[in-house]
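J.: structure here, sequence nowhere to be found:
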């Protein structure tokens, strides 16, 4: 497609390219759009793996006494579901696909700053996927110690069937994945800082790019901490070191030959990464949702500056709250008070963002595309998940709720579902740009309604499993007499989960069918303002014949006096005076204080 | 694509989406009301738990208001502002007063909850009263061993090298206290209205000592002995659960708690020692 059918591209850097071979174009591509698509397909596959494991877990929990899975397989399925979904789907699709595909297009660049590094990040990601998948087939099966892999359970291969070779492969896979993510993060920051189009000051960046920008910073600061922890755990398992294993641990009646380690050290390192990771999964979605809500409300995003500052505040605070995962871990109780307050403070920027989305919709002229529906549902999920987080941030209440299904409900709302909905919103929104074809909106809306109801039906009742005191990762809840009464809830949850899972098949069908046979898309089907919509659909290698020049911020919708209800960032002049036909811009756009200095 | 032209009437879609959001709101609030009768917090049996439950109710009140208000706002916006014809949206995107309002109001609410939490927390973690009964609870895949010190109140030293079938905690036979120490499997007995200090430890991996009725949870971490205390105030039998994944048998790791009078407790202890 792209370069072959658009030989007239005068873009200097790419005009000299000889026609690309199949391998150069589809496999070892340097083009950020192709790399983005490669990421999308691999992570979509991983989502199906992770979702399939979830279905298995829910099938078991609908009738645990039937023993569909044995206890070891059950724990392995739950562990790998979490691992695949968090690391190999959500994290990777948000940076690998949205980051790669959108950054150059939304900032008006021809490609990433380091295209080769970009290709390398994808081809580093692939072996990590293969290693993780290989762990399903090794003796003892895959890791089964939860996605958090708490030491010393995960440090001692003899401690549990799920601590065998599968756990080692888990560590290696995540370590390689983190390396790949660092390549990507470095590339994103360099590209966003250095390669913005003329006139595109930081104060005019779309919020999607701001979200990815902060995500990349968080990743660069937190992933190395996890990588260090992974290496230490790997050494404990294979080289006889003892970072996480204290003296005198007995496994099967025998004392293990380790001494001098500290089990809580793993938790501190893991959650110092793990909490920012939650925001790695949510800052990008916050940006995506902001752009989509503004576009389809035909109204500027409310409180742009507050949106950027609150993302920055959330990112900064995310490094100060890891201890709220450890209120009952045995760390000094004084820290419990500290982490309660710091966690509560994160609720403030989150509330600001929520109200700004709601206000953006208010007095808009809302167009109910599937993308908008997903974006709006994101707000609902984010509110629900954020509010249940208040209970867990409160250390005294966490004494009861820690490691119960209340926690499972909370994080499935706020990071899993919300991030998933932003991914769907983004997919429906940018699909015309990715494939040059439109998705089927009717199928999209059916998919949306089933998914939205399915998500609430699956995760909302889990709060009540939690209030009833049901722990996570229980193979058979009814082992405890006080949990016998929750079985009807578990059946309801499983039924909702199956509906949710089945609805995703509609998406997969719509995605591939539309990519191959959907109606051709215009360059700007949604009448949006950001730069990617000024390129062809799909954009050729190099994206634009001439680099675009930016004259305004990306949210000029419904400007009074303008000819259309949208003013793309490339339209010069002051909107209140002239609209499309305005005089050539002075680079200070909308005249509303959003100008900022040029880059 | 024609459907995105300005002639499209989105009002009806807006009403349906608003109804969907309202349905979620009704289902959310309604299911909480049902859950309050069927699946709520485990019946309370400790003094400290009452403080925690009060705090829980405060949070529930604030979050319920926020949940209902935001969803009503969202549904109203969707139902009222669907696009129709060539109408334009209102053009505004900054309002300092509005932004300060929703920074300060939730800010005050959440920080107040946080401060209330710190005060509640400090009531739970303090030095145990001098009259507290002392027991030691040790997690070991997949059992809870409860050790009572005996009349002298001393726990014998432990060392993993002494561990055997008959000495699962590895009590040092050379320590004189070993004669009065009593180790019981999965049975924690405590005296009603008397504070109890539990020293939580583990000999292998991390477990979590969870007493849902007492609102007590403490990870049992190998290499550490972590003391917690609370006061049971309702006689009865309850459960100990393990709340931290500790291996494939995790789900079977449970024990019983009995809260009883001093006389009943003394009698039970004597019976155990006689075994």
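T.: Looks like it arrived, so ask away. On a predicted model such as this, the values are computed, not experimentally measured, just so you know.
J.: OK, contacts around residue 241?
T.: You didn't say which chain, so I picked chain A. A:232, A:235 (Cβ atoms under 8 Å, 6 or more residues apart in numbering or on different chains). C-betas here are computed from N, CA, C, even on glycine.
J.: not quite, I wanted chain B
T.: Per Cβ under 8 Å, 6+ apart, neighbours of residue B:241: A:469, A:471, A:480, B:210, B:211, B:212, B:253, B:254.
J.: where's residue B:39 relative to residue A:482, distance?
T.: Look at residue B:39 and residue A:482: by Cβ to Cβ, to the nearest Å, they are 11 Å apart.
J.: these two: which has the busier surroundings?
T.: Set residue B:39 next to residue A:482 and count neighbours by other Cβ atoms under 10 Å in any protein chain shown: residue B:39 wins out with 22 against 19.
J.: on the pLDDT front, check the more buried one for me.
T.: With respect to pLDDT, residue B:39 scores 95.
J.: hmm, back to that, out of the contacts of residue B:241, flag the one nearest to residue A:57.
T.: Nearest to residue A:57 among these, counting by Cβ to Cβ, is residue A:471 at 14.7 Å.
J.: torsion angles phi and psi at the residue nearest to that closest one when sequence neighbours are not counted?
T.: For residue A:471, ignoring the flanking residues on the chain, the nearest one in space by Cβ to Cβ, 6 or more residues apart in numbering or on different chains is residue B:243 at 4.7 Å. Dihedral angles of residue B:243 (phi, psi; degrees, to the nearest 10) stand at phi -110, psi 0.
J.: tell me the contacts of the residue in the stretch 101-250 of chain A that chain B sits nearest to?
T.: Here the stretch 101-250 of chain A gets closest to chain B at one residue, residue A:246, 2.8 Å apart by Cβ to the nearest Cβ. Residues near residue A:246 by Cβ under 8 Å, 6+ apart: A:152, A:258, A:259, A:260, A:261, A:262, A:263, B:222, B:223, B:224.
J.: and the nearest residue to it once chain neighbours are set aside, what does it touch?
T.: Take residue A:246 and drop its neighbours on the chain: the residue closest to it by Cβ to Cβ, 6+ apart is residue B:223, 2.8 Å away. Neighbour list for residue B:223: A:246, A:247, A:248, A:249, A:261, A:262, A:263 [criterion: Cβ under 8 Å, 6+ apart].
J.: quick check: buried residues in the host helix or strand of residue A:503?
T.: Assessed by DSSP states H and E, residue A:503 sits inside helix A:487-517. Residues A:487, A:489-490, A:493-494, A:496-498, A:500-501, A:503-504, A:506-507, A:510-511, A:514 are the ones in helix A:487-517 that count as buried (16 or more other Cβ atoms under 10 Å in any protein chain shown).
J.: now the closest residue to residue A:522 other than its chain neighbours: phi and psi?
T.: Closest residue to residue A:522 apart from its sequence neighbours, by Cβ to Cβ, 6+ apart: residue A:537 at 6.7 Å. Reported as degrees, to the nearest 10, the phi and psi values for residue A:537 are phi -110, psi 110.
J.: how near is whatever residue of chain B ends up closest to chain A to residue A:264?
T.: Nearest residue of chain B to chain A, counting by Cβ to the nearest Cβ: residue B:223, 2.8 Å away. Distance of residue B:223 to residue A:264, computed by Cβ to Cβ: 9 Å.
J.: picking that back up, which pLDDT value goes with the residue of chain B closest to chain A?
T.: As predicted, residue B:223 sits at a pLDDT of 94.
J.: one more: residue A:585?
T.: Value listed for residue A:585 in the pLDDT field: 37.
J.: returning to what we had before: shared neighbours of residue B:39 and residue A:482, anything?
T.: residue A:468.
J.: on the three-state scheme, residue A:469 is what?
T.: coil (DSSP: H, G, I helix; E, B strand; the rest coil).
J.: leaving out the residues flanking it, which one is nearest to it?
T.: Nearest one to residue A:469, counting by Cβ to Cβ, 6+ apart, is residue B:212 at 3.7 Å.
J.: can I assume the one you found is in contact with residue A:470?
T.: No: here residue B:212 lies out of contact with residue A:470, judged by Cβ atoms under 8 Å, at a distance of 9.2 Å.
J.: the helices in chain B, which residues?
T.: Using DSSP state H, the helices of chain B run over residues B:11-38, B:47-80, B:96-124, B:262-274.
J.: quick one, which of those helices is nearest to residue A:190?
T.: helix B:96-124 (32.7 Å).
J.: run the chain-centre distance for the closest one.
T.: 21 Å (Cα atoms, centre = their mean, to the nearest Å).
J.: so what does it touch, helix or strand wise?
T.: Applying 3 or more Cβ pairs under 8 Å, 6 or more residues apart in numbering or on different chains; DSSP states H and E, we find helix B:96-124 packed against helix A:333-361, helix A:370-393, helix A:395-401, helix B:47-80.
J.: okay, now the unreliable bits of the chain?
T.: You didn't pick a chain, so chain A it is. A:1-19, A:574-599 (pLDDT under 70).
J.: chain B is the one I meant
T.: For chain B, applying pLDDT under 70 flags the ranges B:1-8.
J.: how does it look with 80?
T.: B:1-8, B:275 (pLDDT under 80).
J.: how much space between residue A:386 and chain B?
T.: Distance, residue A:386 to chain B, by Cβ to the nearest Cβ, to the nearest Å: 9 Å.
J.: wait, residue A:94 touches residue A:286, no?
T.: No: Residue A:94 sits out of contact with residue A:286 when judged by Cβ under 8 Å, with a separation of 11.0 Å.
J.: tell me which of the two has more neighbours.
T.: residue A:286 (29 against 26).
J.: can I assume the more buried one is in contact with residue A:350?
T.: No: using Cβ under 8 Å, residue A:286 is not in contact with residue A:350, being 9.2 Å away.
J.: which single helix of chain A contains the most residues?
T.: helix A:263-297.
J.: now that one against helix A:333-361, angle please.
T.: 10 degrees (axes from the mean of the first three to the mean of the last three Cα atoms, to 10 degrees).
J.: quick one: buried residues of the next helix or strand after helix A:263-297?
T.: Once the chain leaves helix A:263-297, the next helix or strand it forms, by DSSP H and E, is helix A:304-317. For helix A:304-317, burial by neighbour count (16+ other Cβ under 10 Å) applies to A:304, A:306, A:307, A:308, A:310, A:311, A:312, A:313, A:314, A:315, A:317.
J.: what of stretch A:20-30?
T.: Under the neighbour-count criterion of 16+ other Cβ under 10 Å, stretch A:20-30 has A:20, A:25, A:28, A:29, A:30 buried.
J.: can I assume the fourth one sits in a helix?
T.: No: under the criterion used here (three-state DSSP), residue A:29 is coil, not part of a helix.
J.: excluding sequence neighbours, find me the nearest residue to it.
T.: Take residue A:29 and drop its neighbours on the chain: the residue closest to it by Cβ to Cβ, 6+ apart is residue A:35, 6.0 Å away.
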